[in-house]
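Visitor: what follows is a predicted protein model with its sequence.
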Amino acid sequence: MASTTAQALTYTAAQAARVAFYGAHYLAARVMARQIFSDIGEPPHPLPSLASTLAAMRDLFVQDWKNIEAGLYPMPVDIASEFRLALGSTRFLVDAPRVVARNKRKAHDEVRTRANGLPHYYRQNFHFQTDGYLSDRSARLYDFQVEALFAGTADAMRRRAWVPVTQFLNRTRVKKPVLLDIGAGTGGFLSFVKSVRPELRAIALDLSEPYLARARQTLRKHRNVEFVVAPAEATPLPNASIDAAISIFLFHELPPKVRTEVAKEITRVLKPGGIFVLADTLQYGDAPAFDGLLDVFPSLVHEPYYSSYARADLDGLFGAAGLKRTGTDIAYLTKIAVFEKPKRNRRQELRN
Ligand SMILES: C[S@@+](CC[C@H](N)C(=O)[O-])C[C@H]1O[C@@H](n2cnc3c(N)ncnc32)[C@H](O)[C@@H]1O
């Protein structure tokens, strides 16, 4: 009991420190971008109040702690990696004025010509970020930027997406299951996964070479991780080779047509009975207090496909590809939707 109380206090202190630290960086960037914020006008839905934002953040951490207590993952207090990430403060603060200036110029196509050979929709400065997804400098900045944007809650939201995966892995009879992270970025999520389940075979797939190079570095101590530079809509992975696939914060960056292609590709690579976990922004109506945020977010941070994603029919999208929704969870600003590829029945098995 004493150790549980001590652990609860440690957890609370660590998360409060995170929120204070990254929240301060969010506020600093917001002060730099005050003109942009004052120009946004009245959105169709009201913006969330501070009280409802703090209440939703509290709910996120309360559930995170319950998951830790339930043994779904250990307490996320990795001082060394927190410290390494926090060292990005200066880099973030030096780059933030450049991002704001790019935002004021609406210069979201600086990387258009640099990224020849990559799909047209990808060759943009998403979030007005320096170099888009196309440099080591951008890869080094990325994780700090995301934590600052979400005021220190991003990792807790990602951890929630692990819950249906670990529950699936606990019940599957497959001997050496394979997890595919689609749009794995710099490998932060897989690094968490490998700390929880070191033996799990994992594939990090992303279109950005510099981001995957960073992921390789982050995951260098872990075995059984493959890195694949490829578009999610046309992967080199064999049919029915993946037990569980996950995608965190990717789908809102894809044009609707590409979302359909990626849904089909996920279905192709999943084994029958396998699952796909989609973790991405809330959609309209998921948490009505945040609908106003969904209105203003895409223009504030250059997210050209965000609005259409926020209104997309996920059951229609994945249902047409052959997946069936089996669960949904809301984690602060993230919705986690779980889909299953139905098992083949005996007659289908005999036919193949
Ligand atoms: C917003 S980041 C999310 C990264 C990571 N999953 C996370 O939790 O932070 C989107 C990632 O998806 C990648 N991406 C975008 N379009 C892609 C595509 N068509 N195929 C593969 N990766 C893509 C980007 O390079 C980037 O690393």
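Guide: Great, that's in hand.
Visitor: from here on, just use CA atoms for contacts and neighbour counts.
Guide: Will do.
Visitor: ok, and the closest non-adjacent residue to the residue in the stretch 1-150 of the chain that the ligand sits nearest to?
Guide: Proximity to the ligand, evaluated over the stretch 1-150 of the chain using C-alpha to the nearest ligand atom, is greatest for residue 133 at 5.5 Å. Of all residues not flanking residue 133 in the chain, residue 208 sits nearest, at 6.1 Å (C-alpha to C-alpha, 6 or more residues apart in numbering).
Visitor: I'd say that neighbour and residue 229 touch.
Guide: Yes: Residue 208 is in contact with residue 229 according to C-alpha atoms under 8 Å; the separation is 6.7 Å.
Visitor: these two: who's more crowded?
Guide: For residue 208 versus residue 229, the count of surrounding residues by other C-alpha atoms under 10 Å is larger for residue 208: 24 against 18.
Visitor: residue 71 belongs to a helix?
Guide: No: checked against DSSP: H, G, I helix; E, B strand; the rest coil, residue 71 lies outside a helix; its state is coil.
Visitor: for burial, what's the neighbour tally of it?
Guide: Using other C-alpha under 10 Å, the number of residues around residue 71 comes to 10.
Visitor: ok, residue 282 next?
Guide: By other C-alpha under 10 Å, 23 other residues sit near residue 282.
Visitor: contacting residues for it?
Guide: Neighbour list for residue 282: 294, 310, 330, 333, 334, 335 [criterion: C-alpha atoms under 8 Å, 6 or more residues apart in numbering].
Visitor: where does pLDDT dip in the stretch 201-350 of the chain?
Guide: 345-350 (pLDDT under 70).
Visitor: kindly report the residues of the stretch 201-350 of the chain close to the ligand.
Guide: Contact residues (C-alpha under 6 Å from any ligand atom) of the stretch 201-350 of the chain with the ligand: 206, 207, 208, 230, 231, 232, 248, 249, 250.
Visitor: before we move on, what about the stretch 1-150 of the chain?
Guide: Counting by C-alpha under 6 Å from any ligand atom, the residues of the stretch 1-150 of the chain near the ligand are residue 133.
Visitor: in the stretch 1-150 of the chain, where is pLDDT below threshold?
Guide: Looking at the stretch 1-150 of the chain by pLDDT under 70, you get 1-3, 77.
Visitor: mind listing the helices for it?
Guide: Secondary structure of the stretch 1-150 of the chain (DSSP state H, counting those that start in this stretch): helices at 2-32, 34-38, 50-69, 79-86, 89-105, 136-149.
Visitor: closest one to residue 172 among those helices?
Guide: helix 50-69 (20.1 Å; C-alpha to C-alpha).
Visitor: which strands and helices sit next to the closest one?
Guide: For helix 50-69, the packing partners by 3 or more C-alpha pairs under 8 Å, 6 or more residues apart in numbering; DSSP states H and E come out as helix 2-32, helix 154-171.
Visitor: now render these as TSV, adding distance to residue 277 and mean neighbour count.
Guide: TSV is the format used below for the helices and strands packed on helix 50-69 (distance: least, C-alpha to C-alpha, whole Å; neighbours: other C-alpha atoms under 10 Å):
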stretch	distance to residue 277	mean neighbour count
helix 2-32	25	15
helix 154-171	7	18
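Visitor: okay, these in CSV with distance to residue 198 next?
Guide: As requested, those are exported to CSV (distance: least, C-alpha to C-alpha, whole Å):
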stretch, distance to residue 198
helix 2-32, 23
helix 154-171, 13
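Visitor: need the contact list for residue 301.
Guide: Applying C-alpha under 8 Å, 6+ apart, we find residue 301 in contact with 103, 126, 127, 128.
Visitor: helix or strand for residue 231, which one?
Guide: Here residue 231, judged by DSSP states H and E, is contained in no helix and no strand.
Visitor: closest one of the residues of the stretch 201-350 of the chain next to the ligand to residue 32?
Guide: Among these, residue 249 lies closest to residue 32 (C-alpha to C-alpha), at 25.2 Å.
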